[in-house]
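Peer 1: all I have is the shape, not the residue letters:
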């Protein structure tokens with residue numbers, strides 16, 4: 001019987017259902033209950049974020065960011081084309097014009113050296129996406145933001161437990177958005193978080209998250225009644241979702257250690273592809289750490305990637321490609337300014353993500369990598385020595 005290797009499998013620590021039962025027993029299962037506070041405390045006290053607010057998704061966190069920054073019609077937001085639609089949708093909903101920047105030649109992050117030429121009098125936000133949890137060059141981005149008086153919103157959906165020059169991603173921009181989707185390192189099924197680093201935005205962020213009311217201030221006793229004071233929506237998750245998330249956060253180190261072990265096994269076993277120029281492997285700049293969110297390789301062409309996917313499928317190994325360039329999407333291609341973004345298109349056509357999840361064994365990684373090396377007709381040097 002073949003060992004079926006799925007692309008992703010959420011890991012359960014064993015306490016998720018225990019905490020969910022406890023949340024139900026507390027009879028406070030709507031938002032901002034006991035477990036929401038535990039999660040907030042973890043991120044603010046253990047990780048060091050200035051202020052966090054759990055949301056029902058990273059998409060919601062980004063939509064909150066767009067509202068908080070008063071994005072209006074024709075404001076311009078600089079975003080990589082190689083990203084998920086939620087990154088830009090949040091700002092398009094407010095009427096913004098999206099100005100796409102190409103990816104770096106070394107990895108799918110935005111090409112920071114191409115940003116300044118795109119800044120105009122209408123630019124309001126730079127929105128870096130830390131692809132695969134690998135940091136963008138935040139010093140250059142923040143310097144540009146300061147020079148032109150712009151906001152920075154970090155899309156850190158994939159960047160839990162990742163750093164830039166030793167400092168936690170999500171602490172650089174005025175705002176940052178994280179995801180706890182099923183495919184992320186730490187999960188609550190669906191779920192997200194807004195990080196607010198600009199103190200001037202904290203009070204309004206609470207209001208926007210609570211349907212435009214000052215309900216949170218009321219429950220803290222800061223006002224004697226709560227009223228509708230701003231625009232907003234219901235962005236806060238149930239405490240049941242927070243209970244699930246808290247069980248994961250308690251095991252953050254163990255989960256990360258296992259994922260890093262898997263990532264490093266992939267990298268060591270596939271280095272021969274890089275040495276023989278058969279495929280491109282993940283590039284980590286010296287300022288970035290590896291949070292083991294994703295392991296990918298970049299094939300020579302779309303046709304080669306399709307052939308590799310089909311080849312691995314024969315061995316019950318599930319692999320998937322990732323984003324399509326948003327500047328070529330059916331919705332936005334007529335709104336794009338016509339610039340070619342060749343690196344974004346190259347990743348869209350050629351990048352392939354490999355399975356990575358807690359329960360993958362060393363034998364699984366060996367099996368996957370051996371099949372990949374077979375496809376590229378490359379001998380594993382370690383295996384050859386043994387034989």
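Peer 2: Noted; the coordinates are in hand. Not measured: the values here are computed from a predicted model.
Peer 1: surely residue 365 forms part of a strand?
Peer 2: No: with DSSP: H, G, I helix; E, B strand; the rest coil as the criterion, residue 365 is helix rather than part of a strand.
Peer 1: neighbours of it, how many?
Peer 2: Burial of residue 365 is recorded as 24 neighbouring residues (other Cβ atoms under 10 Å). The way it works is simple: take the backbone N, C-alpha and C, and place the C-beta from them, glycine included.
Peer 1: would you mind measuring from it to residue 87?
Peer 2: Going from residue 365 to residue 87 by Cβ to Cβ, to the nearest Å gives 31 Å.
Peer 1: and for residue 64?
Peer 2: 14 Å.
Peer 1: now do the shared contacts for those two.
Peer 2: Common neighbours of residue 64 and residue 87, using Cβ atoms under 8 Å, 6 or more residues apart in numbering, do not exist here.
Peer 1: what number of residues lie near residue 151?
Peer 2: Neighbours of residue 151 (other Cβ under 10 Å): 21.
Peer 1: might one say that residue 92 is in contact with residue 98?
Peer 2: Yes: with contact defined as Cβ atoms under 8 Å, residue 92 counts as touching residue 98 (6.5 Å).
Peer 1: who has more neighbours out of these two?
Peer 2: Neighbours per residue, other Cβ under 10 Å: of residue 92 and residue 98, the larger number sits with residue 98, 21 against 17.
Peer 1: so what secondary structure elements neighbour the strand or helix carrying that one?
Peer 2: Applying DSSP states H and E as the criterion places residue 98 in strand 97-101. The contact analysis (3 or more Cβ pairs under 8 Å, 6 or more residues apart in numbering; DSSP states H and E) places strand 97-101 against strand 76-80, helix 85-92.
Peer 1: ranking those by burial, who's on top?
Peer 2: Neighbour counts (mean count of other Cβ atoms under 10 Å) averaged over each of the helices and strands packed on strand 97-101 peak at strand 76-80, with a mean of 25.
Peer 1: give me the longest helix you can find in the protein.
Peer 2: helix 252-275 (DSSP state H).
Peer 1: could I get the average pLDDT for that helix?
Peer 2: Helix 252-275 carries an average pLDDT of 98.
Peer 1: got it, and stretch 154-164?
Peer 2: Taken as a whole, stretch 154-164 has a mean pLDDT of 98.
Peer 1: off-centre distance for it?
Peer 2: Averaging C-alpha positions (Cα atoms, centre = their mean, to the nearest Å) puts stretch 154-164 6 Å from its chain's average.
Peer 1: quick one: buried residues of it?
Peer 2: Within stretch 154-164, the residues that qualify as buried are 154, 155, 156, 157, 158, 159, 160, 161, 162, 163, 164, counting by 16 or more other Cβ atoms under 10 Å.
Peer 1: out of these, which comes closest to residue 103?
Peer 2: residue 155 (13.8 Å; Cβ to Cβ).
Peer 1: is that closest one in a bridge, and if so with what?
Peer 2: The partner list for residue 155 in beta bridges (DSSP bridges) reads residue 129, residue 177.
Peer 1: ok, it touching residue 83?
Peer 2: Yes: here residue 155 reaches residue 83: they are 6.8 Å apart, a contact under Cβ under 8 Å.
Peer 1: hey, what's in contact with both of the two?
Peer 2: Residues touching both residue 155 and residue 83 (Cβ under 8 Å, 6+ apart): residue 129.
Peer 1: how about the strands in the stretch 1-150 of the chain?
Peer 2: Under the criterion DSSP state E, counting those that start in this stretch, the stretch 1-150 of the chain carries strands at the ranges 51-55, 76-80, 97-101, 123-126.
Peer 1: and stretch 193-203, how far apart are its ends?
Peer 2: End-to-end distance for stretch 193-203, by Cα to Cα, to the nearest Å: 16 Å.
Peer 1: can you check stretch 76-85 too?
Peer 2: The first and last residues of stretch 76-85 sit 16 Å apart, counting by Cα to Cα.
Peer 1: redo the buried residues of stretch 154-164 as a markdown table? Include distance to residue 17 and secondary structure.
Peer 2: Putting the buried residues of stretch 154-164 into a markdown table (distance: Cβ to Cβ, whole Å; DSSP: H, G, I helix; E, B strand; the rest coil) gives the following:
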| residue | distance to residue 17 | secondary structure |
| --- | --- | --- |
| 154 | 33 | strand |
| 155 | 31 | strand |
| 156 | 28 | coil |
| 157 | 26 | coil |
| 158 | 27 | coil |
| 159 | 28 | coil |
| 160 | 22 | coil |
| 161 | 24 | coil |
| 162 | 29 | coil |
| 163 | 32 | strand |
| 164 | 36 | strand |
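Peer 1: name the nearest of those residues relative to residue 78.
Peer 2: For those, the residue nearest residue 78 by Cβ to Cβ is residue 155; the value is 12.2 Å.
Peer 1: relative to residue 27, how far out is the closest one?
Peer 2: From residue 155 to residue 27 the distance is 36 Å (Cβ to Cβ).
Peer 1: got it, and residue 327?
Peer 2: For residue 327, the distance to residue 27 - Cβ to Cβ - is 49 Å.
Peer 1: looking at the two, which is more packed in?
Peer 2: Of the pair residue 327 and residue 27, residue 327 is the one with more neighbours under other Cβ under 10 Å, namely 26 against 7.
Peer 1: what about the more buried one, which SS state?
Peer 2: helix.
Peer 1: tell me the pLDDT at it?
Peer 2: Residue 327 carries a pLDDT value of 98.
Peer 1: adjacent strands (with direction) for the strand holding residue 98?
Peer 2: Per DSSP bridges, strand 97-101 is paired in its sheet with strand 76-80 (parallel).
Peer 1: contact partners of the partner strand?
Peer 2: 71, 87-88, 91, 96-103, 108-110, 115, 118-120, 122-129, 131, 326, 344.
Peer 1: I'd like to know the average pLDDT value across whichever strand or helix holds residue 347.
Peer 2: Secondary structure from DSSP H and E places residue 347 in helix 342-350. When pLDDT is averaged over helix 342-350, the result is 98.
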